[in-house]
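>>> structure for this input, please:
(chains A, B, C and D)
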Number of protein chains: 4
Amino acid sequence: MILILQKEASQEQVEAICCALERMKLTGEALSSGGGTVITVLEDVTEISSHVFSQLPGVEKVVRVQGEAKLATKIGLPLIELKNGVRFGAGQAPVVIGGPCSVEGQAQILHNARRVKDAGARMLRGGAYKPRSSPYEFQGLGLEALQYLAEASQQTSLPVVSEVMTPEQVELALSFVDMLQVGARNMYNYELLKELGKSSHPILLKRAFSATISEWLNAAEYIMSGGNQKVILCERGIRTFETATRNTLDLSAVAVVKKSSSLPVLVDPSHGTGRKDLVRVMSRAAIACGADGLIIEVHDCPEKAFSDGHQAITPEMLKEIVIDTQQIHALFNPVATSLQAGSDSLPAVAGRAAVC
Amino acid sequence: MILILQKEASQEQVEAICCALERMKLTGEALSSGGGTVITVLEDVTEISSHVFSQLPGVEKVVRVQGEAKLATKIGLPLIELKNGVRFGAGQAPVVIGGPCSVEGQAQILHNARRVKDAGARMLRGGAYKPRSSPYEFQGLGLEALQYLAEASQQTSLPVVSEVMTPEQVELALSFVDMLQVGARNMYNYELLKELGKSSHPILLKRAFSATISEWLNAAEYIMSGGNQKVILCERGIRTFETATRNTLDLSAVAVVKKSSSLPVLVDPSHGTGRKDLVRVMSRAAIACGADGLIIEVHDCPEKAFSDGHQAITPEMLKEIVIDTQQIHALFNPVATSLQAGSDSLPAVAGRAAVC
Amino acid sequence: MILILQKEASQEQVEAICCALERMKLTGEALSSGGGTVITVLEDVTEISSHVFSQLPGVEKVVRVQGEAKLATKIGLPLIELKNGVRFGAGQAPVVIGGPCSVEGQAQILHNARRVKDAGARMLRGGAYKPRSSPYEFQGLGLEALQYLAEASQQTSLPVVSEVMTPEQVELALSFVDMLQVGARNMYNYELLKELGKSSHPILLKRAFSATISEWLNAAEYIMSGGNQKVILCERGIRTFETATRNTLDLSAVAVVKKSSSLPVLVDPSHGTGRKDLVRVMSRAAIACGADGLIIEVHDCPEKAFSDGHQAITPEMLKEIVIDTQQIHALFNPVATSLQAGSDSLPAVAGRAAVC
Amino acid sequence: MILILQKEASQEQVEAICCALERMKLTGEALSSGGGTVITVLEDVTEISSHVFSQLPGVEKVVRVQGEAKLATKIGLPLIELKNGVRFGAGQAPVVIGGPCSVEGQAQILHNARRVKDAGARMLRGGAYKPRSSPYEFQGLGLEALQYLAEASQQTSLPVVSEVMTPEQVELALSFVDMLQVGARNMYNYELLKELGKSSHPILLKRAFSATISEWLNAAEYIMSGGNQKVILCERGIRTFETATRNTLDLSAVAVVKKSSSLPVLVDPSHGTGRKDLVRVMSRAAIACGADGLIIEVHDCPEKAFSDGHQAITPEMLKEIVIDTQQIHALFNPVATSLQAGSDSLPAVAGRAAVC
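Numbering: from 1, shown residues only, chains lettered A, B, ... in the order given. So this is what the prediction gives:
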């Protein structure tokens, strides 16, 4: 940690700061730099709140030498495994998750689960609790939806992910689904994150549309510091001045996180763009820049979807994306892919991939 | 509502859309505009989710003629009254709320409550549950803090506002404080908003740092459509590319809301700027553009604050702001102020104001 | 300047960096901080490009202790004076500049000049060269407009400001107007700034809608380092995700600049909000937070304006704003104002102000 | 075009608007929609400035049915050809442009030109005039640099692109280079765009870091409406709140433009991320989502670069990117690529590609 002092800081203040550090069992080395004063703290202060330093009289700015999210930036985390051999991270092939925005009924989710499985998706998504901007929009079927999801999962063998919005929904939801999602609007819901930290289930942590990468990793740290290391990150677009897309899909963030963390990172091109006509090309781009998978809104009849139908693609389009994904991954990971092909449960798709 | 069709929309699609509208008991009038087609829906469709329209094949874009937040934009809402004559909105003089970021202990909050009261604040703030970016930062004293707040309120007669972060904290918190705050990070926490809609206590709803004004009003709508009309909005800065301030305080938002809603709007210059040296001038600007009050972080010893000390001002500085507030309000509301002066419980401050 | 090294930087790299600094006649002191390495450069390196340091192998990040814009952040710059006693900065009362977006003809600008003078404006604005998003929009009357502006200035004694867009327009424009404006779209037009640096006329430098405050001050530095110290800054809104206003007027930026620079800062509430119904309240806020003046689009018949009529106010509204400005300034600068009142050339307005 | 009227618009205003339209030989059809009034203008008004409509008393909002940039969104524009068979757009294989940020000397640019050619780049870039935030940073060698670029081009047969910043630099620069670049900071420099519209040379038009896609296409329209149809767009990152990357590379923008325009679109991953360690993966992503090429900062010794060395890659890294580019393009365009392979002048690279 470095403390940059105010231009007008007095010698007394410099000394007082060094004394204050000493009382904390820390060592400050003061140096003059072009007229200003800079104090370097020699010890590792990762777990000390920066306000402790910024409050000292005479301090202008505090610059951390180390990041704050220690667990989230740990190298070499183990892969995250779900039922039926679905595995995320640590060099695994990308996983495509598909399904409708909302669970709309028993038949709808079951039918869609079968369709996304046929298209090559390895996992099912479906909303039970829906965070909507307006109270007059469809809010999700809740418990009923969770039951339908569990049934669809059982019949298709696809693991299921669904969103929770409050700490008290966690336990109930976990008795029905395999992975819990923290939506973009709840990334800052720290009480929810703490609750999920107590669980042993994998968590899909979406980036808030206003979150810096650092805040996103810190949100992961909330879950991990609670004891649950199974965090899967998901980039889903950030809010910018551009209005041609619903959000601005920040694929560089995938690359940045990959450089500093070993947590798996998925991409959600559906919310990221808000436009079904862009989902396929942005899926390609996501895999090309290293994403560990995709989560895509799929509906067998988008125009009848209860929510977000303008960004849902059909199962037919999903199939193309699954193939794209396998091909791009194979291009940059030739060995890994052929090894994995042996245990692949999707012969049709693998067959097509082989043709290319 | 207006539906703008895709350039390539066929005559069959136009007819299919009109039929679809008819089945919903709606009337669509199709017109050609410069080669493209536009369908105007004649009825009021405020309560129908826009996806219902955007999903129709051939629709490019949906433009609402009316806003969505009906209750939040209602004209002539009654004023919101708390104990000891503290009143918000409907032409009342601005209310200044002061207090520390976090409740740090019994003596600290009591002492600070007395100091902010002496400075002319009409209401006390203090955090019991603290949403922090890092799990390693101070998280608040919780229940203990609520108890201290209640005691400080009793001893000073100042009503108290404190933040809640989950639905289950609501009931407990309400037995200790007078107004609940929804923090910027929880503006999208719709389950919390719904819970607050069941209460009859006033709610201070901060704008998320990434929220459009429309989303902010819709968050108010969540509370109001649940039955609780006592919503006080609070602008506290939005996230932009500028890094010289912690956030960009969007004072235009105050003016915009004032044009379309009769809900009171406060401004938080402490979080809005993140810099104690800017709090006073931005407070002046807030009142000058019509804010109904200020919520300011005050600490009798900012350099020892457990959190956010760099943006906390001293009680002495608060006093100057209270006077500024009265003077600016008086300048633009000469009669209202003199009437109110009669019942003013702050003779010292009124005295100083008269000098100017 | 501080160099934070990469986690994996080797001892050899540290030594190589120190050697490299030595070759530049600089001294680097390396310290370990919590496992990482930090090198403090002891000399003043303001005028050395930071890439010189960031390129050194092993350097992760470069943090400047001093800012880069030395001239723009100099304390105690002299006031900037135009003809007829119009003065900016150094404690002067705020100056209101008014006039139409575009000069539309001889009669129009003369008529509007008289109207804004009667309303109490001290200076006239009017566009001769108009930067427009679309090539099909009105582009300004050019030289003809400059001639009309000069004439209007002569007849009303109001100094005139008008925008230039290329280096070669500078000389011509200066033979007609008193102050040149660099518009928001041209703040990064460094060749234009260099040309203006050779002039001795005052320059109104608008902040680009995407510029950080630091870039804005650096743009001023371009002009000042060329020899022209007469720079007046103007905040006119930045681009954010909010769409309820044309831009987000960043009044905190006024306060920030006032803390670190003695250059005068104006505010343009017309472009800042894009809404005539917000101009008055945001003008109040601008003056309340310390702006040295306002530049406002005024049109005697906004609905017939060739450009930006939705944000132009009438001369009647301008008069109210001039009075507001005087009153708010008087509130916070009681002595300065009364002294100045003696030489005030606007008896009508001063008279009205006295009534309040 | 659709005019949405203010809630309180009177019947007289509706009639007055329709009369005003009639005087412009336009037809307005007024319809009531849920209590509000909407007027649809039946004719094509693309070339009429929208202020003409927004100024009419009673108009709240103007919604265009057609876009404004007619030429830039025309379907089926011809490909753009430079010397030595370098072709952009209309289904051509992606072109990789490489070279240093700045031309630093005769030997440096010649050496780098050879290196990027060997690496498989088809075109050379190099800055002669450099727009820099601070006046104290390196500003480019100007004319001298143009001469060195011409020489390097002649010796390597690579066409050259370089940036111009003012209208008067255009003619001179065109006598030395093959394509002129409008940098991000000059996208709004309309006088420059108009000057380039008179030329017959291809123009590389970078998106301003604050520009909406619509403004970007309108900037292209400035050039095209002047008579020059040879515009190549380039996405290079937009400014957002994220600070982990220099800009946020908006790859969705490539996909969006590809849907509505037939202009070629390049991607600049160097400025887009500002980090050499991200250039390769983001290059892959760019090609995967459909970019027509890449422009990359390459320096044989990045740590000695005069500018932007932190984002420059080595020629060795460029070679990998060229191969990636060919492979991804081949994956999604099997036939086109094999046809083109016949005339491919880069046997070494094609050889490696065949191995995969």
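
>>> wait, a strand at residue A:232?
Yes: the assignment for residue A:232, made by DSSP: H, G, I helix; E, B strand; the rest coil, places it in a strand.

>>> what's the neighbour count on it?
If you count neighbours by other Cβ atoms under 10 Å in any protein chain shown, residue A:232 ends up with 24. Bear in mind the C-beta positions are built from the backbone N, C-alpha and C, glycine included.

>>> again with residue A:42
Look at residue A:42: counted by other Cβ under 10 Å, it has 17 neighbours.

>>> do you know the pLDDT at it?
Residue A:42 is assigned a predicted lDDT (pLDDT) of 89.

>>> now residue A:217
96.

>>> got the contact list for it?
A:67, A:69, A:72-73, A:257, A:260-261 (Cβ atoms under 8 Å, 6 or more residues apart in numbering or on different chains).

>>> which helix or strand contains it?
helix A:213-225 (DSSP states H and E).

>>> and of the contacts of residue A:217, the nearest to residue A:286?
residue A:257 (12.6 Å; Cβ to Cβ).

>>> tell me which two of the contacts of residue A:217 sit farthest apart.
A:67 and A:257 (11.9 Å).

>>> pull the number of nearby residues for residue A:179.
Residue A:179 has 23 nearby residues by other Cβ under 10 Å.

>>> wait, residue A:25
Residue A:25: 7 surrounding residues under other Cβ under 10 Å.

>>> just the strands in the stretch 51-200 of chain A please.
All strands of the stretch 51-200 of chain A, identified by DSSP state E, counting those that start in this stretch, fall at A:59-63, A:80-81, A:87-88, A:95-99, A:123-125, A:160-163, A:179-182.

>>> turn those into TSV, including distance to chain D.
Formatted as TSV, these follow (distance: least, Cβ to the nearest Cβ, whole Å):
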stretch	distance to chain D
strand A:59-63	13
strand A:80-81	22
strand A:87-88	19
strand A:95-99	15
strand A:123-125	21
strand A:160-163	23
strand A:179-182	20
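
>>> what angle do the helix or strand residue A:325 falls within and strand A:95-99 make?
Using DSSP H and E, residue A:325 maps to helix A:315-332. Going by axes from the mean of the first three to the mean of the last three Cα atoms, to 10 degrees, helix A:315-332 is angled at 170 degrees with respect to strand A:95-99.

>>> mind listing what's buried in helix A:315-332?
A:315, A:317-332 (16 or more other Cβ atoms under 10 Å in any protein chain shown).

>>> restrict those residues to contacts with chain C.
For chain C, no contacts are drawn from the buried residues of helix A:315-332 by Cβ under 8 Å from any Cβ of the partner chain.

>>> what about residue A:151, neighbour count?
16.

>>> residue A:87 too?
Residue A:87: 17 neighbours (other Cβ under 10 Å).

>>> what about it, distance to residue D:208?
43 Å (Cβ to Cβ, to the nearest Å).

>>> kindly report the same for residue A:150.
On the measure of Cβ to Cβ, residue A:150 and residue D:208 end up 50 Å apart.

>>> those two: which has the busier surroundings?
residue D:208 (26 against 16).

>>> returning to what we had before: out of the strands of the stretch 51-200 of chain A, nearest to chain B?
Nearest to chain B, of all those, is strand A:59-63, at 8.8 Å by Cβ to the nearest Cβ.

>>> now the angle from that closest one to strand C:59-63?
Angle, strand A:59-63 to strand C:59-63, by the same axes, to 10 degrees: 160 degrees.

>>> which helices and strands does strand A:59-63 pack with?
With contacts defined as 3 or more Cβ pairs under 8 Å, 6 or more residues apart in numbering or on different chains; DSSP states H and E, strand A:59-63 has these neighbours: strand A:2-5, helix A:51-54.

>>> the helix holding residue A:325 close to chain B?
No: on the criterion Cβ under 8 Å from any Cβ, helix A:315-332 is out of touch with chain B, staying 15.5 Å away.

>>> next, residue A:252: secondary structure please.
helix.

>>> residue A:110: what's it in contact with?
Residues in contact with residue A:110 (Cβ under 8 Å, 6+ apart) are A:148, A:151-152, A:155.

>>> who wins on neighbours among the residues you listed?
For the contacts of residue A:110, the largest number of neighbours (other Cβ under 10 Å) sits with residue A:152, at 25 neighbours.

>>> would you confirm that that residue contacts residue A:160?
Yes: the criterion here is Cβ atoms under 8 Å, and residue A:152 meets it with residue A:160 at 7.1 Å.

>>> any shared contact partners between these two?
A:124, A:126.

>>> how about the secondary structure of residue A:37?
Residue A:37 - assigned by three-state DSSP - is strand.

>>> residue ranges with poor pLDDT in chain A?
A:47, A:49, A:51, A:66-68, A:303, A:305, A:307-309, A:335-356 (pLDDT under 70).

>>> who in the stretch 101-250 of chain A is up against chain C?
Checking the stretch 101-250 of chain A against chain C by Cβ under 8 Å from any Cβ, the hits are A:239-241, A:243.

>>> quick one, which of the residues you listed are buried?
For these, buried by 16+ other Cβ under 10 Å: A:239-241.

>>> out of those, the closest to chain B would be?
The closest of those, once distances to chain B are taken by Cβ to the nearest Cβ, is residue A:239, at 5.2 Å.

>>> and that closest one, what does it touch?
Residue A:239 sits next to A:209-210, A:247-248, B:210, C:241 when contact means Cβ under 8 Å, 6+ apart.

>>> next one: it from residue B:204, what distance?
Residue A:239 is 24 Å from residue B:204, by Cβ to Cβ.

>>> same thing with residue A:171?
Taking Cβ to Cβ, one finds residue A:171 at 31 Å from residue B:204.

>>> ok, now residue A:200?
Taken as Cβ to Cβ, the span from residue A:200 to residue B:204 is 37 Å.

>>> so those two - more neighbours on which side?
Just comparing residue A:200 and residue B:204: by other Cβ under 10 Å the higher neighbour count belongs to residue B:204, 26 against 9.

>>> make sure that one is indeed in a helix.
No: using three-state DSSP, the assignment for residue B:204 is strand, not a helix.

>>> around the residue in chain A that chain B sits nearest to, how many other residues sit close by?
Nearest residue of chain A to chain B (Cβ to the nearest Cβ) works out as residue A:210 at 3.0 Å. By other Cβ under 10 Å, the residues close to residue A:210 number 25.

>>> and it, helix, strand or coil?
coil.

>>> angles on the backbone of the closest residue to residue A:211 other than its chain neighbours, please.
Using Cβ to Cβ, 6 or more residues apart in numbering or on different chains and skipping the chain neighbours, the partner closest in space to residue A:211 is residue A:187 (5.8 Å). In terms of degrees, to the nearest 10, the main-chain angles of residue A:187 are phi -60, psi -30.

>>> quick one: contacts for residue A:187?
Taking Cβ under 8 Å, 6+ apart, we find residue A:187 in contact with A:205-208, A:211, A:215-216, A:219.

>>> farthest-apart pair in those, please.
Pairwise distances across these peak at 12.5 Å for A:206 and A:215 (criterion: Cβ to Cβ).

>>> more neighbours: which of those two?
Set residue A:206 next to residue A:215 and count neighbours by other Cβ under 10 Å: residue A:206 wins out with 26 against 19.

>>> was I right about the more buried one contacting residue A:188?
No: here residue A:206 does not reach residue A:188: they are 11.4 Å apart, not a contact under Cβ under 8 Å.

>>> the helix holding residue A:325 near chain D at all?
Yes: for a cut-off given as Cβ under 8 Å from any Cβ, helix A:315-332 has contacts with chain D, namely A:324, A:327-328, A:331-332.
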